[in-house]
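> Sequence and predicted model, in that order:
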Amino acid sequence: MGQRAAAALLALSLSSFAGLNSPGLWASAAPTGVFESHADVGSVLHPGSLEYDPIQGKYTVSGGGENVWAMADAFHFVWKKVAGDVSLAADVAFLSKGGNEHRKAVLMVRQSLDADSSYADVALHGNGMTALQYRDEKGAATREIHTQETQPNSAGPERLHIEKRGNFVYLFLADGGKELHYSGASMQVPLQGTYYVGIGVCSHDKDVVEKAAFTNVELAADLAPAAKTTLYSTLERVTIASTVRHVVYVAPERFEAPNWTRDGTSFLFNHNGRIYRLPVSGGEPALIDTGFAKRCNNDHGISPDQTSLAISDQSQEDKSIVYIVPIEGGVPRRITQKSPSYWHGWSPDGKTLAFVGQRNDDFDIYTIPVTGGDETRLTTAKGLDDGPEYSPDGKYIYFNSERTGHMQIWRMRADGSEQEQITVDDWNNWFPHISPDGAWMVFLSYEPDVKGHPENKDVMLRIMSLSDGEANVDKMSNKKINVLAKLFGGQGTINVPSWSPDSKVVAFVSYALVPDESAGKK
């Protein structure tokens, strides 16, 4: 062999050896357990790594990156490519104390390895907080749902579990050897075709690399359809400035329609025909005595002076009737003589109730004095009118009407005059609720093809500013409408007034059909 040929062969050998030590090839060659490979996602100053101990089944992931948040991510990801439904569970712990309180160790499903990919993850933060984070479209902003059990500066759960079923992702938690249970956090994040599932670490500091250990990892791909599911209801609150959602209370049963008490301390909701009170901080709900009224529906609300509760109940005539009971419970006092009647609004001066009544096979909006007496009909248009609610100044009643062909938000003067359409779009919009300061309107939106307000549908809570609206309704109808939350819900989600007294937060109920095997149920 000539000298030139030998030199060329030596150079090729050295080049190949160097290539084996490049991050991409070396990552593929190293053992990865149940996963296929690992790589940094997004712009990372210090490369991450994976150490896998097959004896202990332990994955030690090192990761840098500024964040997994906003419109782009930066972290180290250990992944497997899958299709269909999938679940991933692991015991998760950071290997060092201190560090940035927002560093994250995650279990994640992700459409692609692009920094701005759609994704959902359960993120254990450095301060112990656990949240379901998600970006439901490529390039969209990240949002999150905080769980009630794991707040900042807590020890955090020992075991995390994320599960994708259809277009929805669910978060399960366990602590201290207990079985996994549904946390109340779920979100629609459509992932198409093949996608990625795995574990990852973000230091939340571009100059630092953090480590977390993932043990007892269980990955199940191509899940069979659930043999049995249980309906879970979750009472949540969403902050309008950030759109961050917080789980307050979750139970494997249907409950509906939270009112936020005017002193800000409690929620009221209906369940199995009864009304319950729940502290805003969470805990266990307490039954409110409503006497003979044991078939209450989700149309209930609190008087401006917080001494009385209006309820809609069908215990007496098998049709809904509006009653008033003391806020702490007591004997119901009948208000509407005709039925069916469904309460929806209380005038700011506390003297008048607005309700929906079915008379002569048509649903219209009526008012009636709190003392009882004659009802006054305010709407006469063909088609359903529903959800009347007074503006805080008492000048207007907002409502939803299908008089134009599908359901939209309208308003009128408190005497029924000057009826004007507020929203003009393709969604079916229901149940307008005006913030106590009069600045915002939140409402429920169904898909264009949905009739009525059924349960168990993909819906949105949307919000619109009402500033300057009284002067120019045309200007108000052109205002931008923003999405506060996407969820599985509908009937029972936000039928009644549910704003916090400071006009910063909205309460609602979301629902989930959770596979029994995932929630530890037999």
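It's in. Numbers count the residues shown, from 1 in each chain.

> which regions of the chain sit below the pLDDT cut-off?
Per-residue confidence for the chain (pLDDT under 70) gives these ranges: 1-29, 149-156, 176-177, 468-479, 520-522.

> got the residue ranges for the helices in it?
With DSSP state H, the ranges of helices along the chain come out as 3-20, 23-29, 473-477.

> Do me a favour and get the end-to-end distance for stretch 419-427?
This stretch, stretch 419-427, spans 20 Å end to end (Cα to Cα, to the nearest Å).

> buried residues in it?
The neighbour-count check on stretch 419-427 (16 or more other Cβ atoms under 10 Å) flags 419, 422-423, 427 as buried. For every residue, glycine as well, the C-beta is placed using N, CA and C.

> Reformat these into TSV and put distance to A354 next to each item.
Below are these laid out as TSV (distance: Cβ to Cβ, whole Å):
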residue	distance to A354
Q419	14
I422	17
T423	19
W427	24
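
> L378: which of those is nearest?
Q419 (8.6 Å; Cβ to Cβ).

> if I pick the closest one, what's in contact with it?
379, 381, 410-412 (Cβ atoms under 8 Å, 6 or more residues apart in numbering).

> now do P436
P436 neighbours (Cβ under 8 Å, 6+ apart): 392, 499, 501-503.

> Name all residues that make contact with the nearest residue to it once chain neighbours are set aside.
What sits nearest to P436 in space, not counting adjacent residues and going by Cβ to Cβ, 6 or more residues apart in numbering, is S503, at 5.1 Å. When contacts are counted by Cβ under 8 Å, 6+ apart, S503 touches 435-437, 439-440.

> For those residues, which entry has the maximal number of neighbours?
In terms of neighbours by other Cβ atoms under 10 Å, the contacts of S503 top out with S435 at 24 neighbours.

> Against K178, how distant is it?
40 Å (Cβ to Cβ, to the nearest Å).

> likewise L235?
22 Å.

> For those two, indicate the residue with more neighbours.
L235 (26 against 12).

> you'd agree the more buried one is up against V248?
Yes: if you go by Cβ atoms under 8 Å, L235 and V248 touch, sitting 4.7 Å apart.

> shared neighbours of the two, anything?
Shared contacts of L235 and V248, counting by Cβ under 8 Å, 6+ apart, come down to 267, 278, 507.

> Out of the residues you listed, which is nearest to I321?
Closest to I321, out of all of those and judged by Cβ to Cβ, is F267, at 24.0 Å.

> At which residues are the strands of the stretch 1-150 of the chain located?
37-41, 49-53, 58-63, 68-69, 72-73, 75-82, 86-94, 104-110, 119-125, 130-135, 143-146 (DSSP state E, counting those that start in this stretch).

> So what touches the third one?
Applying Cβ under 8 Å, 6+ apart, the contact partners of strand 58-63 are 33, 35, 38, 40, 44, 48-53, 75-76, 78, 90, 95, 105, 199-203, 209-215, 217.

> Sort out which one of the contacts of S503 lies nearest A241 for me.
Scanning the contacts of S503 for proximity to A241, where the rule is Cβ to Cβ, the winner is W440, at 10.8 Å.

> residues in contact with the closest one?
If you count contacts by Cβ under 8 Å, 6+ apart, then W440 has 240, 434, 463-466, 503 around it.

> now Y249
Contacts of Y249 (Cβ under 8 Å, 6+ apart): 148, 184, 234-235, 278, 282-283, 285.

> got a list of what the closest residue in space to A310 that isn't next to it in sequence touches?
Counting by Cβ to Cβ, 6+ apart, W343 is the residue found nearest to A310 once chain neighbours are left out, at 4.5 Å. Residues near W343 by Cβ under 8 Å, 6+ apart: 299-301, 310-312, 322, 353-355.

> By neighbours, which of these wins?
Going by other Cβ under 10 Å, V322 tops the contacts of W343 with 31 neighbours.

> where's that residue relative to R110, distance?
Counting by Cβ to Cβ - V322 and R110 are separated by 50 Å.

> and if you look at V189?
10 Å.

> same check, this time on N360
56 Å.

> In terms of neighbours, single out the busier of those two.
More crowded of N360 and R110, by other Cβ under 10 Å: R110, with 24 against 5.

> Is it correct that the more buried one is in contact with Y196?
Yes: assessed by Cβ under 8 Å, R110 is found in contact with Y196 at 4.5 Å.

> Pull up the overlap in contacts between those two.
Common neighbours of R110 and Y196 (Cβ under 8 Å, 6+ apart) are 77, 79.

> List the contacts of the residue nearest to E317 when sequence neighbours are not counted.
Excluding its sequence neighbours, the residue lying closest to E317 (Cβ to Cβ, 6+ apart) is S339, at 5.5 Å. The contact partners of S339, by Cβ under 8 Å, 6+ apart, come to 314, 317, 319-321.

> 6 Å - rerun?
Counting by Cβ atoms under 6 Å, 6 or more residues apart in numbering, S339 makes contact with 317, 319, 321.

> do Y390 as well
By Cβ under 6 Å, 6+ apart, Y390 lies in contact with 345, 347, 397.

> Ranking by neighbours, what's the top pick from these?
I397 (29 neighbours).

> so that one bridges to which residues?
I397 forms beta bridges with Y390, M412, as assigned by DSSP bridges.

> Quick check: it vs W410, distance?
9 Å.

> D437 too?
Here the criterion is Cβ to Cβ. By it, D437 lies 22 Å from W410.

> what does I162 give?
Distance from I162 to W410, by Cβ to Cβ: 42 Å.

> what does F214 give?
Counting by Cβ to Cβ - F214 and W410 are separated by 53 Å.

> coming back round to it: in terms of neighbours, single out the busier of I162 and W410.
Using other Cβ under 10 Å, the more surrounded residue of I162 and W410 is W410, with 26 against 23.

> Next, the contact list for V68, please.
Contacts of V68 (Cβ under 6 Å, 6+ apart): 75, 104, 202.

> Now restrict those residues to buried residues only.
75, 104, 202.

> what pairs with the last one across the strands?
Right, the one you point to is C202. Beta-bridge partners, per DSSP bridges, of C202: K104.

> Just confirm it contacts G65, I think it does.
Yes: with contacts counted by Cβ atoms under 6 Å, C202 reaches G65, the gap being 4.6 Å.

> shared neighbours of those two, anything?
F75.

> From one end of stretch 397-409 to the other, what's the distance?
11 Å.

> do the same with stretch 485-496
Termini of stretch 485-496 sit 17 Å apart (Cα to Cα).

> Can you select the buried ones from the contacts of W440 in ChimeraX?
A single ChimeraX command is used to select the members of these judged buried by 16+ other Cβ under 10 Å:
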select :240,434,463,464,466,503
